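Asks: coords please:
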Amino acid sequence: MHSNNEVANLLWTSGWDSTYRLMDLLSKGRTVQPYYICFRLRKSTAMELSRMDEIRAYLGRKDPALVNAILPTIIVAQKSIRKVPAIRESYESITQDHYLGKQYVLLASYALQSGISNLELSIHADDKARHVIKDEVEFRDDQHGGYCKIRDDADSPAATIFKNFVFPVLQLSKLDMQESAAERGFLDVMELTWFCHNPTPDGQPCGTCNPCNYTRNEGLGRRVPKVSR
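Replies: Purely as a prediction, here's the structure:
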């Protein structure tokens, strides 16, 4: 999909999955253009932006060459994205039978409006969204380890929503990423990631929101503080 000199377009939230992909790309000598969609009502926005800055600063101390390969984050305000009717209708069709986060309507609308056809979205093996797209994707090999993408002939609500995305970690669980990060020497960076939607006043994960529960259920419960549990 990319040459080493081609910029990878990555949706980065400072979360575990997208940060793993960030480090995966950097370890392969790639330049990364991060995108962050700023959701108006998300309580964790300030924390996510802060953690992205912390990760950049940490990488700058660890290896300046790595941080220099991360371009300035393009921050996109929710209000600047027009919801595409076909995408919204596809979402409503899917959610009659399956759970799918509302954020995907905005993400897909942005991908379409921006003209980016290879926006990297870090849906992983245990993600609920994977069950929506698993029958619509195919694996495409390349010199960087390959990726999954919606099949060109797919014609479904899921294809309408996700056709402009690339899924580089779709086959990996959070524990797979942890093992890989440890082997490749960037587990320390992963520990700086953020996952909670409702941080406490003292900056700790709340322990009760969906991301906190997913983190616990997917094998990384150690990251949810005992007081929050």
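Asks: And for Ile87, the neighbour number?
Replies: 22 (other C-beta atoms under 10 Å). From N, CA and C alone the C-beta is placed, and that goes for glycine too.
Asks: show me what contacts it?
Replies: Val105, Ala108, Ser109, Leu112, Thr160, Ile161 (C-beta atoms under 8 Å, 6 or more residues apart in numbering).
Asks: Give the next helix or strand downstream of the helix or strand hosting the second one.
Replies: Secondary structure assignment for Ala108, by DSSP states H and E: helix 103-114. Taking DSSP H and E as the definition, the helix or strand that follows helix 103-114 towards the C-terminus is strand 119-120.
Asks: buried sites along the helix or strand that comes right after that next one?
Replies: Counting by DSSP H and E, the next helix or strand C-terminal to strand 119-120 is helix 130-133. Within helix 130-133, the residues that count as buried by 16 or more other C-beta atoms under 10 Å are Arg130, Val132, Ile133.
Asks: contacts for the next helix or strand after helix 130-133?
Replies: Reading on from helix 130-133 to the C-terminus, the next helix or strand found by DSSP H and E is strand 137-140. Residues from elsewhere that reach strand 137-140 (C-beta under 8 Å, 6+ apart): Met1, Gly146, Tyr147, Cys148, Lys149, Ile150, Arg151, Phe167, Leu170, Gln171.
Asks: What separation do you get for the closest residue to Ser173 other than its chain neighbours and Tyr147?
Replies: Closest residue to Ser173 apart from its sequence neighbours, by C-beta to C-beta, 6 or more residues apart in numbering: Ala125 at 4.5 Å. In this view, Ala125 and Tyr147 are 14 Å apart by C-beta to C-beta, to the nearest Å.
Asks: With Pro72 instead?
Replies: 24 Å.
Asks: Pick out whichever of these two has more residues nearby.
Replies: The neighbour comparison of Pro72 against Tyr147 (other C-beta under 10 Å) goes to Tyr147, with 21 against 8.
Asks: Was I right to think that one contacts Pro168?
Replies: Yes - if you go by C-beta atoms under 8 Å, Tyr147 and Pro168 touch, sitting 4.6 Å apart.
Asks: what residues are shared contacts of these two?
Replies: Between them, Tyr147 and Pro168 share the contacting residues Glu120, judged by C-beta under 8 Å, 6+ apart.
Asks: Which strands or helices does the lengthiest strand in the chain pack on?
Replies: For the chain, the longest strand by residue count, based on DSSP state E, is strand 32-38. Judged by 3 or more C-beta pairs under 8 Å, 6 or more residues apart in numbering; DSSP states H and E, strand 32-38 is in contact with strand 8-11, helix 16-27, helix 45-62, strand 74-77, helix 103-114.
Asks: and if we set it to 10 Å?
Replies: Other elements packing on strand 32-38 under the criterion 3 or more C-beta pairs under 10 Å, 6 or more residues apart in numbering; DSSP states H and E are strand 8-11, helix 16-27, helix 45-62, strand 74-77, helix 103-114, strand 119-120.
Asks: Can you point out the buried residues in that strand?
Replies: Neighbour counts over strand 32-38 (16+ other C-beta under 10 Å) mark Val32, Gln33, Pro34, Tyr35, Tyr36, Ile37 as buried.
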